[in-house]
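S.K.: after the sequence you'll find the predicted model.
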Protein chains: 2
Amino acid sequence: MTDSALVVFSGGQDSTTCLYWAIDRFGDGNVSCVTFDYGQRHRVELQCARSIAEFASVPQVELPIDTFAALGGDSLTDPGIDVAAQSDGEAGLPNTFVPGRNLIFLTFAAALAYQRGVGNIVTGVAETDYSGYPDCREQTLQKLQRTLQLGMESDVRIHAPLMHLSKKQTVELARDLGAMPAMAMTHTCYNGLRPPCGSCAACELRAKGFTEAGVHDPLLDL
Amino acid sequence: MTDSALVVFSGGQDSTTCLYWAIDRFGDGNVSCVTFDYGQRHRVELQCARSIAEFASVPQVELPIDTFAALGGDSLTDPGIDVAAQSDGEAGLPNTFVPGRNLIFLTFAAALAYQRGVGNIVTGVAETDYSGYPDCREQTLQKLQRTLQLGMESDVRIHAPLMHLSKKQTVELARDLGAMPAMAMTHTCYNGLRPPCGSCAACELRAKGFTEAGVHDPLLDL
């Protein structure tokens, strides 16, 4: 295992921040990223991810996952389900919840990292500012890391640098890492719009973070 | 979570034994199964799984996973790689090893179980008689169970009734559970043959178990 890193990269604000965090931590040339095409309704996400990876000179692997769409019941992949602002799923979870989605992303990322001798995985999940996805919590990631180490006989480490940051702090981190030019290429809006709709929960959360950090969001200049 | 079970079902000898174990343990009508179409070279496996599920009157869900083939490097999905009898992969693992494949199967099974309110997952993996796949070991499954419970906020339990059985004991269990008629429909051969080739590692392992148990393998009557 080399001291290199693989970033789980969606092309959104948080994983873009993580991409620059990984470059800062592991060094230019030691970072690659993986983007999952899991049938997301907003295909613009994949294009954003490609553009940002190219802009940052980070090699990117795009991996398909057709299983979530087959499982159904997910408003991010199923065009028959509206994205609700309010929680209405089981166990009080929002209906954008795919059970264990991040566990799957991280396990496939670990498989790819294993194949390439990469010892570190970086994910943009956070406990704060999130809708309570249980597979984004630090305790879950710790257990998953141990599961992956045992299941792949490796020393793979999962890093979640945004885990305990507020959206404000994440924006400040991105600014300090020089990630702002790339932020103009990110995608956040639940309604799939660029420029963003400005009124969905994701747009409002993003705007709040930038406002509180006193940083101008370059996405608004589109 | 009801006291029902979802069996990870490949249509092979071990998962067929588990299907009958689950019916015995959880009762007729409380068992369903999930079969993964992950691009396996031997498509006959999927047909065997369908036939056995129908024969056993167990509802079956077939879920696609196109990610392993995209990851490549796996002789069970990549037609460009020969299945070697000898270990030649990284860390001494055989080249049929897909890093974390069972972790992925069980995590998707847990997602499906979550959606359906099913509290138990049954898998046919075993520590004995296997090629040392680290994601088949009991310790890995224990960690994974905890990861899934945390990541999905559920009480899901993973059962691996064959974990510590020899192939001989697995055959005895199948016989005692009345699973022998279904055994004629299973698929084992690494070369994808029915009747089996009789000479690959999988065929030899199966034959050894039946011989040691003193049970006739109905698959040989094809």
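M.R.: That came through, no problem. Numbering: from 1, shown residues only, chains lettered A, B, ... in the order given.
S.K.: low-scoring pLDDT stretches of chain A, where are they?
M.R.: Residues of chain A that meet the criterion pLDDT under 70 lie in A:1-2, A:73-98, A:129-131.
S.K.: what residues does it have near chain B?
M.R.: Contact residues, chain A versus chain B (Cβ under 8 Å from any Cβ of the partner chain): A:63-67, A:70-71, A:73, A:90-91, A:93, A:98-100, A:102-104, A:107-108, A:110-112, A:114-115, A:134-135, A:137, A:139-140, A:143-144, A:146-148, A:150-153. (C-beta placed from N, C-alpha, C; glycine too.)
S.K.: just the residues you listed: which are in strands?
M.R.: A:63-64 (DSSP state E).
S.K.: separation between A:Leu106 and B:Leu141?
M.R.: Going from A:Leu106 to B:Leu141 by Cβ to Cβ, to the nearest Å gives 18 Å.
S.K.: measure the residue in chain A sticking out farthest from the centre to A:Leu165 for me?
M.R.: Each residue of chain A has a distance to the centre, and by Cα atoms, centre = their mean the biggest one is for A:Glu153: 25.6 Å. Look at A:Glu153 and A:Leu165: by Cβ to Cβ, they are 32 Å apart.
S.K.: of the residues of chain A next to chain B, just the buried ones, ChimeraX syntax please.
M.R.: Of the residues of chain A next to chain B, the buried ones can be selected in ChimeraX as follows, counting by 16 or more other Cβ atoms under 10 Å in any protein chain shown:
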select /A:63,65,66,67,70,71,73,90,93,98,99,100,102,103,104,107,108,110,111,112,114,134,135,137,140,143,144,146,147,148,150,151,152,153
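S.K.: mind checking which of the residues of chain A next to chain B land in helices?
M.R.: A:67, A:70-71, A:102-104, A:107-108, A:110-112, A:114-115, A:139-140, A:143-144, A:146-148, A:150-152 (DSSP state H).
S.K.: my guess is the residue farthest from the centre of chain A contacts B:Pro134, does it?
M.R.: Yes. Judged on Cβ atoms under 8 Å, A:Glu153 makes contact with B:Pro134 at a distance of 4.6 Å.
S.K.: gap between the nearest residue to A:Gln169 once chain neighbours are set aside and A:Cys197?
M.R.: Using Cβ to Cβ, 6 or more residues apart in numbering or on different chains and skipping residues adjacent in sequence, the residue nearest A:Gln169 is A:Ala213, 7.8 Å away. Using Cβ to Cβ, A:Ala213 is found at 21 Å from A:Cys197.
S.K.: and if you look at A:Pro161?
M.R.: 28 Å.
S.K.: more neighbours, the two?
M.R.: The neighbour comparison of A:Pro161 against A:Cys197 (other Cβ atoms under 10 Å in any protein chain shown) goes to A:Pro161, with 19 against 15.
S.K.: so which residues of chain A form helices?
M.R.: Going by DSSP H, chain A shows helices at A:13-26, A:44-55, A:67-71, A:101-116, A:138-152, A:167-176, A:180-183, A:201-213.
S.K.: out of those, which is closest to B:Leu46?
M.R.: Among the helices of chain A, the nearest to B:Leu46 by Cβ to Cβ is helix A:67-71 (14.3 Å).
S.K.: helices or strands next to that closest one in the packing?
M.R.: Applying 3 or more Cβ pairs under 8 Å, 6 or more residues apart in numbering or on different chains; DSSP states H and E, one finds that helix A:67-71 contacts helix A:101-116, strand B:60-64, helix B:101-116.
S.K.: next one: that helix to chain centre, how far?
M.R.: 19 Å (Cα atoms, centre = their mean, to the nearest Å).
S.K.: before we move on, what about stretch A:48-68?
M.R.: For stretch A:48-68 - counting by Cα atoms, centre = their mean - the centre lies 11 Å from the chain centre.
S.K.: list the buried residues of it.
M.R.: By neighbour count on 16+ other Cβ under 10 Å, the buried set for stretch A:48-68 is A:48-53, A:56, A:58, A:60-61, A:63, A:65-68.
S.K.: neighbours of the closest residue to A:Gly198 other than its chain neighbours, just the number please.
M.R.: Closest residue in space to A:Gly198, ignoring its immediate chain neighbours: A:Ala207 at 7.1 Å, by Cβ to Cβ, 6+ apart. The local packing of A:Ala207 (other Cβ under 10 Å) involves 18 other residues.
S.K.: is it true that A:Ala207 touches A:Leu219?
M.R.: No. Applying Cβ under 8 Å as the test, A:Ala207 and A:Leu219 come out as separate, 9.7 Å apart.
S.K.: gap between the closest residue to A:Asn30 other than its chain neighbours and B:Asp28?
M.R.: What sits nearest to A:Asn30 in space, not counting adjacent residues and going by Cβ to Cβ, 6+ apart, is A:Ser4, at 4.1 Å. Shown here: A:Ser4 relative to B:Asp28, a distance of 52 Å by Cβ to Cβ.
S.K.: in terms of neighbours, single out the busier of these two.
M.R.: Neighbour totals were compared for A:Ser4 and B:Asp28, and A:Ser4 leads with 18 against 10 (other Cβ under 10 Å).
S.K.: was I right to think that one contacts A:Asp28?
M.R.: No. In terms of Cβ under 8 Å, A:Ser4 does not count as a neighbour of A:Asp28; the distance is 11.1 Å.
S.K.: what is in contact with those two at once?
M.R.: Common contacts of A:Ser4 and A:Asp28 (Cβ atoms under 8 Å, 6 or more residues apart in numbering or on different chains): none found.
S.K.: neighbour count winner among A:Leu106 and B:Leu141?
M.R.: Between A:Leu106 and B:Leu141, counted using other Cβ under 10 Å, the more crowded position is A:Leu106 (31 against 25).
S.K.: A:Gly124 is in contact with that one, correct?
M.R.: No. Between A:Leu106 and A:Gly124 there is no contact under Cβ under 8 Å: 11.4 Å.
S.K.: which neighbours do those two have in common?
M.R.: Residues touching both A:Leu106 and A:Gly124 by Cβ under 8 Å, 6+ apart: A:Val8.
S.K.: distance of the closest residue to A:Asn191 other than its chain neighbours from chain B?
M.R.: Nearest residue to A:Asn191 in three dimensions, chain neighbours excluded: A:Cys197, at 4.6 Å (Cβ to Cβ, 6+ apart). From A:Cys197 over to chain B the distance is 29 Å, taken as Cβ to the nearest Cβ, to the nearest Å.
S.K.: may I have the residues that are in contact with A:Cys197?
M.R.: A:Cys197 is in contact with A:189-191, A:203, counting by Cβ under 8 Å, 6+ apart.
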